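[1] With the sequence up front, the predicted model follows.
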Amino acid sequence: MKYNCLVIDDEAQARKLITTYISKIPELELVSACKNALEGQAVMSDTEIDILFLDINMPELNGIDFIKLSKKTPATIFITAYSEYALSGYELDVVDYLLKPVEFPRFYKAVLKAFERIKKHNPIVTKKEEEKQKEEKKCIFVKANKEIIKLNISSIQYIEGMREYVRICTVKRKILTLLSLSRFIEILPENLFFKVHKSFIVNIQTIDNIIGNTIFINGNEIPISRGNKKEFIERINKDELF
């Protein structure tokens, strides 16, 4: 398991020391080392950060205000030369508070505390375990108008995106719901379903036949996009369905 790290400190020497320490710990992956909070915010808006090593006394925007203004805060370790900020760190529920100059043993202890914090709030599920959980899930619940409908996953033939709605086509009925196609990709088992087009997800086991760039399911025609066709054909050949 790798944890994405971000360093924000206006002192070049401090950034260099912390990045060196990070390189010594195999579980840590340095995303960036920024010289101010504004640069750090730009990085956090593009990349999921697990552990933040943050200086407090910085120009323009200090570390404490940065944390208060952040909508989503990673496991944060304050690194500063000023001990009077310790109370603020406690109030903001940061993982640890390190005083400069930081020795590696103390740094490593703080990192281990960050690992425990992350595991507590976000239990690690491997890709294999995630797929197993999806496969074991036999049904889902979807909301259609004022009704909540229980659907057997195996009964879903295909799902079609229709602007703000999604249409689920089953063996017996068609259901309109506000769930997005991307949400269905997350919850449906990967071994059964494939997104063949920006607007269509199909249940591979319900396919009747394929002609050119068109899939036929129970008399319905579903297009295969040019960009997805190669991967889709490789997928069905892997299962030796045809």
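    Yes, it's here. Numbering: from 1, shown residues only.

[2] where are the low-confidence patches of the protein?
    In the predicted model, the chain carries pLDDT under 70 at residues 83-91, 122-137, 238-242.

[3] Could you look up the SS state of the residue nearest to the spatial centre of it?
    Residue closest to the mean C-alpha point of the chain, counted by CA atoms, centre = their mean, is Glu48 at 7.5 Å. The three-state label given to Glu48 by DSSP: H, G, I helix; E, B strand; the rest coil is coil.

[4] what's it in contact with, if anything?
    Glu48 makes contact with Asn4, according to CB atoms under 8 Å, 6 or more residues apart in numbering. In this view, the C-beta of every residue, glycine as well, is placed from N, C-alpha and C.

[5] The chain - how does it break down into domains?
    3-121, 127-238 (automatic domain parsing).

[6] highest average neighbour count across the ones you listed?
    Burial of the domains of the chain is given as mean neighbour count (mean count of other CB atoms under 10 Å); domain 3-121 ranks first at a mean of 17.

[7] Now do that domain: distance from first to last residue.
    14 Å (CA to CA, to the nearest Å).

[8] again with stretch 204-216
    11 Å.

[9] How far off centre is it?
    31 Å (CA atoms, centre = their mean, to the nearest Å).

[10] again with stretch 99-115
    Relative to the mean C-alpha coordinate of its chain, stretch 99-115 is positioned 27 Å out (CA atoms, centre = their mean).

[11] which residues sit against it?
    3, 14, 17-18, 21, 24-25, 27-28, 50-51, 75, 77, 79-81, 83, 95-96, 98.

[12] Which of the residues you listed fall in helices?
    Here DSSP state H is the test, and the contacts of stretch 99-115 give 14, 17-18, 21 as lying in helices.

[13] now these as a markdown table including distance to Ile156?
    Listed next are those as a markdown table, based on distance: CB to CB, whole Å:
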| residue | distance to Ile156 |
| --- | --- |
| Ala14 | 54 |
| Leu17 | 54 |
| Ile18 | 49 |
| Tyr21 | 50 |
